[in-house]
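Peer 1: requesting a structural model of the entry that follows:
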Amino acid sequence: PVEIGVDEDGIAMNQFPVKKYPWPQLNNVVIKDGLITIDFKNNKILQKELASDISPELEAEFNNFCSTHLSSITS
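Peer 2: Okay, the predicted model is just below:
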């Protein structure tokens, strides 16, 4: 299964070859209702179902982390 990693540099997917997307290439990244949605600036959207449920607190923390990194690019 594809794993998606998120850190200060952006997003990485463990496909072959590994795909890396820095924050400036992204419009939005959000987890909601068991799905992660990655919205790219080139109008591509990627959605993946999460392998397991996460708590509302962890979901909010993740979304806040992504929002903070995305907003720092436009500032």
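Peer 1: now for Asp53, how many residues are close by?
Peer 2: 8 (other Cβ atoms under 10 Å). Heads up, the C-betas are built off the backbone N, CA and C, glycines and all.
Peer 1: thought it was touching Gly34?
Peer 2: Yes: counting by Cβ atoms under 8 Å, Gly34 is a contact partner of Asp53 at 6.7 Å.
Peer 1: can you tell me the centre-most residue of this protein?
Peer 2: Val29 (4.1 Å; Cα atoms, centre = their mean).
Peer 1: tell me if I am right that that one is in a strand.
Peer 2: Yes: with DSSP: H, G, I helix; E, B strand; the rest coil as the criterion, Val29 is part of a strand.
Peer 1: tally of neighbours for the nearest residue to it once chain neighbours are set aside?
Peer 2: Nearest residue to Val29, sequence neighbours excluded (Cβ to Cβ, 6 or more residues apart in numbering): Cys66, at 4.1 Å. Number of residues near Cys66 (other Cβ under 10 Å) recorded here: 20.
Peer 1: Cys66: helix or strand, and which one exactly?
Peer 2: Under the criterion of DSSP states H and E, Cys66 resides in helix 56-74.
Peer 1: Phe62 reaches Ile11, doesn't it?
Peer 2: No: counting by Cβ under 8 Å, Phe62 stays clear of Ile11, with 11.8 Å between them.
Peer 1: more neighbours: those two, which one.
Peer 2: Ile11 (22 against 16).
Peer 1: beta partners for that one?
Peer 2: Val6, Tyr21 (DSSP bridges).
Peer 1: okay, stretch 43-50 in CSV with CA atoms only?
Peer 2: Backbone C-alpha positions of stretch 43-50 (Å, rounded to 0.1, in the frame of the first residue of the first chain) are rendered in CSV as follows:
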residue,chain,number,x,y,z
ASN,A,43,-5.2,21.3,-10.6
LYS,A,44,-4.5,17.7,-9.8
ILE,A,45,-6.2,16.2,-6.8
LEU,A,46,-5.3,13.0,-5.0
GLN,A,47,-7.5,11.3,-2.4
LYS,A,48,-6.6,8.2,-0.4
GLU,A,49,-8.6,6.4,2.2
LEU,A,50,-6.7,6.2,5.6
